[in-house]
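Peer 1: can you look at this prediction? I've put the sequence above it.
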Amino acid sequence: MSKAGKKSSQNFTRAELLVHAMVIELEAVQSYKELAEQMEQCGNSAVAGLFDKMTKLEAEHAAKIRDTAGDVELPDLAPWEFRWSGLEPPENIDLAGVHYLMTPHQALELALENELSAMAFFEAVAQDSTDDEVCCLAREFAADERQHVAWMKDWIAKYPPPDDDWDYDPDPPAAMA
Ligand code: ZN
């Protein structure tokens, strides 16, 4: 990305941080769930199982954030009011990167990328924040994402990178239309 796109400062209020964190986690739950279903349909149950795990993981994270929010009224932000550093929420998986023959290794690389950008997002908020409490909370969220990143890396280590012909299917599914 070019320097021209230098992000707006992520100097969030506590409620803004919580609402962004909620959206990040809920988007992740949604993406991982869709990926799990997609992989299951294609008979790739290894990848489906991994995405199921990630779905649960992110759902737990969302629940934790909701707990943290307690009875704080979260602002109801319109999509354009969200201040992401990119165009998409950090944990929103780029579905274009998904192939039905994708190996666990590739799926995990994709998830790792998302976890890394979520971590970077919270780190940026922590760094830009002028409010101690917000800074502290953002650091805590970044630490959670760092944990997810570590898990992804552990899993990636368990799965070898794909062969060059990973997308070769001797019996491709009929009628993609
Ligand atoms: Zn995560």
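Peer 2: Everything's here; your move.
Peer 1: in which helix or strand would I find the residue in the chain that the ion sits nearest to?
Peer 2: Nearest residue of the chain to the ion: His148, at 3.8 Å (Cβ to the ion). C-betas here are computed from N, CA, C, even on glycine. If you go by DSSP states H and E, His148 is part of helix 132-158.
Peer 1: how about the residues of this protein by the ion?
Peer 2: Neighbours of the ion within the chain, by Cβ under 5 Å from the ion: Glu115, Glu145, His148.
Peer 1: 8 Å instead?
Peer 2: By Cβ under 8 Å from the ion, the residues of the chain that approach the ion are 24-25, 28, 54, 57-58, 61, 91, 114-115, 118-119, 144-145, 148-149.
Peer 1: nearest to Ala157 among these?
Peer 2: Comparing the residues of the chain next to the ion against Ala157 with Cβ to Cβ places Val149 closest, at 12.8 Å.
Peer 1: count of neighbours near the spatially closest residue to Glu133 that is not a sequence neighbour?
Peer 2: Leaving aside its chain neighbours, Glu133 sits nearest to Arg14 (5.9 Å; criterion: Cβ to Cβ, 6 or more residues apart in numbering). When neighbours are counted by other Cβ atoms under 10 Å, Arg14 registers 18.
Peer 1: many thanks, I have nothing further to ask.
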